[in-house]
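S.K.: quick one: sequence and predicted model below, then my questions.
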Amino acid sequence: MFKLFGILTAGALSGAVIFGGMLLWTTAVSLILILAFWVHNRLGFVQVPELAVGVVFNKRRQAFARFVPSGRHPFNPLTEQFSHTIPTGSGSANGRCQAAQTNGGIALDVAWSVNFDIDPFQIKAAARPKLARNLPKKANSIVTKHLNNCLRHVIGEMTIDQVCEPGATRRLERAVRQQLASRLSEAGFSFSRVMIGAIEMPRHVKSALEAAQERTVQTENEARALARLQQVVSQFSEADMQRLIELERIHTLGQNGVTLMVPTAVNQVKTSRRPSYAKLNRKSARIPS
């Protein structure tokens, strides 16, 4: 299309110069104006796709010039160069922070994932030239580097017991997200979610924690049983308590091998019986006549 306009314009202009005439001059001028409008419309604007920000450099200095939002915008092709775009839609990254040490020096391997957005217009002015070149290809690596550093810093302030207690994962996610936002907000990043996955620890540490957990559960069960016993005992009278104490004393002495002699009273009751007829006959037979 551009070549066709160029040929027609050159032909009309040559004819006007050689042959003269108002019609040829008018045609040449019209073609020149149409060609200029087409060139301006084609090269004088830049179209940035949706969910992206365009990056424009200065041609002469080969330096960053400005960010261009999505849509159609004026552009000077003589002094500016449209380089590339930066996606502004939701991005994600995941990885594993290895050998993050707790406050007690225990090394942990922590899996994580994160969702983030990029707004280049929120980038600090001094950092724009560098990030304009790095963000399109290195956004994930930037997030990964800073998230691992934040995770190491947060875990380094926690003991292994604090890492393993209920609700620790949520607190860890909130702390890491806050530190990430503080570090990368001036780089145009915003974080919608940070998720902490599996936390792996040395085997001997895991065994010790499981044993401690079992002891804790046993202690809690014993405490509940003692509380129920105290509740029942509190309903006894003083006489009942004395009998319980005496029974406990006897039980303790029996366990230690002590034999107790407990006196008992036996009442012997003689019962009178009526003599039978056979016995009376035997007595009468023994009487001499």
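M.R.: Structure received.
S.K.: what's the helix or strand for residue 98?
M.R.: Residue 98 belongs to strand 91-101 when assigned by DSSP states H and E.
S.K.: the strands in this protein, which residues?
M.R.: Here the chain has its strands, by DSSP state E, at 45-48, 52-58, 63-68, 71-74, 80-87, 91-101, 107-118, 189-200.
S.K.: picking up where we left off before, identify the residues contacting the strand holding residue 98?
M.R.: Under the criterion C-beta atoms under 8 Å, 6 or more residues apart in numbering, residues 107-118, 139-140, 143-144, 147-148, 151-152, 155-156 lie in contact with strand 91-101. C-beta: built from backbone N, CA, C; applies to glycine.
S.K.: in its sheet, what does it sit against?
M.R.: Take DSSP bridges as the rule and strand 91-101 pairs in its sheet with strand 107-118 (antiparallel).
S.K.: list the buried residues of the partner strand.
M.R.: For strand 107-118, burial by neighbour count (16 or more other C-beta atoms under 10 Å) applies to 108, 110, 112, 114, 115, 116, 118.
S.K.: wait, the fifth one touches residue 90, no?
M.R.: Right, residue 115. Yes - between residue 115 and residue 90 there is a contact under C-beta atoms under 8 Å: 6.0 Å.
S.K.: any stretches of this structure with poor pLDDT?
M.R.: Applying pLDDT under 70 to the chain flags the ranges 1-43, 206-214, 216-217, 233, 240, 256-289.
S.K.: identify the residue nearest residue 135 in space, chain neighbours excluded?
M.R.: If the residues on either side of it in the chain are set aside, residue 135 comes closest to residue 86, at 5.0 Å by C-beta to C-beta, 6 or more residues apart in numbering.
S.K.: show me what contacts that neighbour?
M.R.: By C-beta under 8 Å, 6+ apart, the neighbours of residue 86 are 52, 53, 55, 67, 118, 120, 132, 135, 136.
S.K.: can you rerun that using 7 Å?
M.R.: The contact partners of residue 86, taken as C-beta atoms under 7 Å, 6 or more residues apart in numbering, are 52, 53, 55, 118, 120, 135, 136.
S.K.: check residue 60 too.
M.R.: Taking C-beta under 7 Å, 6+ apart as the contact definition, residue 60 lies against residue 79.
S.K.: same check, this time on the one 4 residues further on
M.R.: Residue 64 makes contact with 57, 128, 129, 132 under the criterion C-beta under 7 Å, 6+ apart.
S.K.: let's see it at 8 Å
M.R.: When contacts are counted by C-beta under 8 Å, 6+ apart, residue 64 touches 55, 56, 57, 58, 128, 129, 132, 133.
S.K.: count of neighbours near the first one?
M.R.: Just to be clear, that refers to residue 55. For residue 55, the neighbour count with other C-beta atoms under 10 Å is 24.
S.K.: same question, the second one
M.R.: A count of nearby residues for residue 56, using other C-beta under 10 Å, gives 21.
S.K.: cool, and the last one?
M.R.: Neighbourhood size, residue 133 [other C-beta under 10 Å]: 15.
S.K.: what does the fourth one give?
M.R.: Applying other C-beta under 10 Å, we find 13 residues neighbouring residue 58.
S.K.: leaving out the residues flanking it, which one is nearest to it?
M.R.: residue 65 (4.6 Å).
S.K.: follow-up on the earlier one: got CSV for the strands of the chain, with distance to residue 226 too?
M.R.: Output for the strands of the chain, formatted as CSV (distance: least, C-beta to C-beta, whole Å):
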stretch, distance to residue 226
strand 45-48, 72
strand 52-58, 67
strand 63-68, 69
strand 71-74, 73
strand 80-87, 63
strand 91-101, 40
strand 107-118, 37
strand 189-200, 35
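S.K.: out of those strands, which gets nearest to residue 235?
M.R.: Smallest distance to residue 235 across these (C-beta to C-beta): 47.7 Å, for strand 189-200.
S.K.: that closest one pairs with which strands?
M.R.: In the sheet, strand 189-200 lines up against strand 107-118 (antiparallel) (DSSP bridges).
S.K.: between the strand it pairs with and strand 52-58, what angle do the directions make?
M.R.: For strand 107-118 against strand 52-58, the angle between stretch directions is 80 degrees (axes from the mean of the first three to the mean of the last three C-alpha atoms, to 10 degrees).
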